[in-house]
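Enquirer: 3D model of this:
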Amino acid sequence: QVQLVESGGGLVQAGGSLRLSCAASGNIFRINAMGWYRQAPGKQRELVATILSGGNTDYADSVEGRFTISGDNAKKTVYLQMNSLKPEDTAVYYCNAKKPPFASGRLREYWGQGTQVTVSS
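Expert: Numbers count the residues shown, from 1 in each chain. From the prediction side, this is the model:
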């Protein structure tokens, strides 16, 4: 199994910055992607940003240019630098890790416990 532990959430004023961290432990062999998702009250969980083991990144349109994802592939850690935060960024942020799917096609992904980010106006 893979354990993911997030840190760095909190309360910040609009326009401020926060940095989230996530460290993977356990059976981290073959993790090939890590990322961040978020879920606001009453909404579905959505992708924020992902980074592949080769370094390619992808962002949701709503955070492009404001958030930056980075990571240490050897240590299986991932970071999310969040700048110019807006009240609509308020959500629980979840770390995610993926391995190649099983031969049957079943996905192999893992989730952290989540960290609250609150942006006040």
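
Enquirer: tell me who's in contact with the residue nearest to Gln13 when sequence neighbours are not counted.
Expert: Residue nearest to Gln13 in three dimensions, not counting chain neighbours: Ser120, with 5.4 Å by CB to CB, 6 or more residues apart in numbering. Every residue, glycine included, has its C-beta placed from N, CA and C. Counting by CB atoms under 8 Å, 6 or more residues apart in numbering, Ser120 makes contact with Leu11, Val12, Gln13, Ala14, Pro87.

Enquirer: show me what the residue most central in space within the chain is bridged to.
Expert: For the chain, the residue whose C-alpha lies nearest the mean C-alpha position (CA atoms, centre = their mean) is Trp36; its distance is 1.6 Å. In this structure, Trp36 has beta-bridge partners Ala49, Cys95, where bridges are defined by DSSP bridges.

Enquirer: my read: it touches Ala49, true?
Expert: Yes. Contact criterion CB atoms under 8 Å: Trp36 and Ala49 qualify, at 5.4 Å.

Enquirer: which residues are common contacts for these two?
Expert: Contact with both Trp36 and Ala49 is made by residues Ile69, Leu80, according to CB under 8 Å, 6+ apart.

Enquirer: rewinding a little: which of the contacts of Ser120 are buried?
Expert: Burial of those was assessed by neighbour count (16 or more other CB atoms under 10 Å); the buried members are Val12.
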